[in-house]
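1. Sequence plus the predicted model coming up.
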Amino acid sequence: MKAIFFLLIFPFLSWSQVTTLVEQTELKADTFIGIDNYNDLFYIKDQVLYKKTGTELFNFKDFQMGVIESVDVMNPMNIVVYYSDFNTVVLLDNKLTEIERVNFNSHSEFINTSTATLAANTSLWVFNIDSQQLESYNYRSKNKTLVSQPIQGEVLSQVSNYNYCFVLTSEKIRAYNIYGSLIAEINNDGFAKIVQVNENLLALKDNELYYIDKRTKEISKIKSPEINIKDLQLTQDFLYIYDGKRVNTFKLTLPK
């Protein structure tokens with residue numbers, strides 16, 4: 001596997017007024033997951049995953065599996081629900097009906113995972129705790145492909161799309177493509193969480209937001225309102241911030 005990469009140096013820019021509040025929605029949830037392409041709301045309450053549309057409320061629960069570690073709604077027809085305690089992914093359709101389960105414990109080589117997010121086709125991006133490597137796992141063929149060299153530091157956050165996976169550790173932010181190349185790497189200067197849109201990132205640090213543009217190699221500090229950021233999601237047009245009581249929807253004008 002070839003690892004071709006370049007070091008990105010991101011200078012901090014001045015404040016950018018890029019957010020405009022457009023809507024607030026009351027929500028009682030333990031975890032806000034996000035809004036999908038159809039404007040449907042996903043959240044977790046009492047270990048039950050909910051999907052709220054304009055007219056219906058769907059839910060999925062499996063209390064025997066323990067805590068829901070993460071939910072990936074990038075593809076509303078193939079939702080990834082990850083249970084780290086049982087090393088298992090449950091795939092759901094658009095009505096939160098179970099499609100299939102991926103149990104990494106039953107793999108012939110045993111994959112001890114700490115993250116799982118959606119990749120292209122029938123694959124998942126997973127982080128293997130034992131090898132400290134990012135892998136692409138095809139849950140239909142049950143084949144896995146190493147994507148990264150061993151990664152140092154605790155994995156704090158992982159986000160992905162079909163072609164790229166971004167891994168935030170206590171030391172670095174790294175971006176990998178589907179061919180196993182490390183295409184971007186920067187030092188983690190206190191970032192606790194990342195979300196992605198259009199192959200760029202939004203990073204959370206001390207309740208403040210920073211936009212990381214992979215193309216221009218810059219970090220822009222976003223002038224956002226002084227509200228508690230409990231959970232957040234970024235889409236092409238909107239930034240969603242959950243403050244523990246409501247989902248605040250902002251029109252996002254990205255730095256140029």
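-> On my side now, so go ahead. Only a predicted model underlies this, so the values are computations on that prediction, with no experimental measurement involved.
2. Tell me who's in contact with the residue nearest the centre of the chain.
-> The centroid of the chain falls nearest to residue 159 when counting by CA atoms, centre = their mean (3.2 Å). For residue 159, the contacting residues are 117, 165-166, 194-196, 201, by CB atoms under 8 Å, 6 or more residues apart in numbering. Placement of C-beta: from N, CA and C, glycine included.
3. Out of those, list just those in strands.
-> Counted as lying in strands by DSSP state E, out of these, are 117, 165-166, 194-196, 201.
4. Where neighbours are concerned, which of those residues has the most?
-> residue 165 (28 neighbours; other CB atoms under 10 Å).
5. quick check, nearest of the ones in strands among the contacts of residue 159 to residue 75?
-> residue 117 (10.9 Å; CB to CB).
6. pretty sure that closest one is touching residue 75, no?
-> No: here residue 117 lies out of contact with residue 75, judged by CB atoms under 8 Å, at a distance of 10.9 Å.
7. circling back to that earlier point, not counting sequence-adjacent ones, nearest residue to the residue nearest to the centre of the chain?
-> residue 196 (4.4 Å; CB to CB, 6 or more residues apart in numbering).
8. What of residue 26?
-> Counting by CB to CB, 6+ apart, residue 26 lies nearest to residue 246, which is 5.2 Å off, once chain neighbours are set aside.
9. give me the number of residues near that neighbour?
-> Using other CB under 10 Å as the criterion, the residues surrounding residue 246 number 16.
10. repeat for the one 4 residues further on
-> Other residues within reach of residue 250 by the criterion other CB under 10 Å amount to 20.
11. And for residue 144?
-> Around residue 144 there are 19 residues (other CB under 10 Å).
12. just residue 221 next, same as before
-> 17.
13. Hmm, it is touching residue 205, no?
-> No: look at residue 221 against residue 205 with CB under 8 Å: they stay out of range, at 9.4 Å.
14. residues of stretch 126-139 that come out buried?
-> Residues of stretch 126-139 classed as buried by neighbour count (16 or more other CB atoms under 10 Å): 126-128, 132, 134-137, 139.
15. partners of residue 208 in the sheet?
-> residue 205 (DSSP bridges).
16. Show me which pair in the buried residues of stretch 126-139 is furthest apart.
-> Across these (CB to CB), the longest gap, 21.7 Å, separates 132 and 139.
17. all helices of the stretch 1-150 of the chain, in order?
-> Remark: helices of the stretch 1-150 of the chain are absent; assignment by DSSP state H, counting those that start in this stretch.
18. Show me where it dips below the pLDDT cut-off.
-> 1-18 (pLDDT under 70).
19. Next up, the contacts around residue 112.
-> Each residue near residue 112 by CB under 8 Å, 6+ apart is listed here: 87, 104, 128-130.
20. now residue 45
-> By CB under 8 Å, 6+ apart, the residues touching residue 45 are 28-30.
21. How much space separates it from residue 125?
-> The spacing between residue 45 and residue 125, counted by CB to CB, to the nearest Å, is 27 Å.
22. Done for today, thanks.
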